[in-house]
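Okay, structure incoming, though there's no sequence with it:
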């Protein structure tokens, strides 16, 4: 069954869509994700970047990732809603904010990452993969 996965900001001006399921789903506890999301962590689904998958105007929040490579959080230029990120260390992938994805998407996290920066009040369920920094695998790479 072929689904299209779509995410958009509150006002609908900035959107992304993908024809393939995400290659990874993670909960990130890094400080940057905390700042951008306004939450103690961010839930992200990583999709293989497709031609013309993003539509609309965005404002970029540029940061440096844990790898030392740049990353860019993109939010709507109109409503300021964060929709997706491009991380240079994850070539060919886009990280999409899970709360912006429309059904039929279902969030099934593979792991919690950057737990070394986790907010003290956040509890991670037992039995879930956890990595103090970036995971040792690269989503989408064999």
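Sure thing, it's come through. All values reported here derive from a predicted model rather than from experimental measurement.

can we go C-alpha only for contacts and neighbour counts from here?
Will do.

now that we're looking at the nearest residue to residue 24 once chain neighbours are set aside, how far away is residue 26 from it?
Of all residues not flanking residue 24 in the chain, residue 46 sits nearest, at 5.2 Å (C-alpha to C-alpha, 6 or more residues apart in numbering). Going from residue 46 to residue 26 by C-alpha to C-alpha, to the nearest Å gives 8 Å.

Give the buried residues for the worst-scoring helix or strand of the chain on mean pLDDT.
Comparing helices and strands within the chain by mean pLDDT, DSSP states H and E singles out helix 31-37 as the least confident, with a mean of 90. Within helix 31-37, the residues scored as buried using 16 or more other C-alpha atoms under 10 Å are 31, 32, 33, 34, 36, 37.

immediately after it, which helix or strand?
strand 42-48 (DSSP states H and E).

Report the strands that pair with that next one, each with its relative direction.
When pairing is defined by DSSP bridges, strand 42-48 lines up against strand 24-28 (antiparallel), strand 93-97 (antiparallel).

which of the buried residues of helix 31-37 lies closest to residue 93?
Closest approach to residue 93 among these (C-alpha to C-alpha): residue 33, at 16.7 Å.

I figured that closest one hits residue 43, correct?
No - with contact defined as C-alpha atoms under 8 Å, residue 33 does not count as touching residue 43 (9.1 Å).

So what does residue 127 have for phi and psi?
Dihedral pair for residue 127: phi 90, psi 0, per degrees, to the nearest 10.

Now do it, the pLDDT please.
On the pLDDT scale, residue 127 is placed at 89.

Tell me how many other residues crowd it.
7 (other C-alpha atoms under 10 Å).

Also residue 69?
Neighbours of residue 69 (other C-alpha under 10 Å): 12.

wait, residue 48 sits on residue 94?
Yes - the pair residue 48 and residue 94 qualifies as a contact (C-alpha under 8 Å) at a distance of 6.4 Å.

what's the overlap in contacts for these two?
Contact criterion C-alpha atoms under 8 Å, 6 or more residues apart in numbering; residues shared by residue 48 and residue 94: none found.

what about this structure, any weak spots by pLDDT?
Applying pLDDT under 70 to the chain picks out residues 1-2, 137-142.
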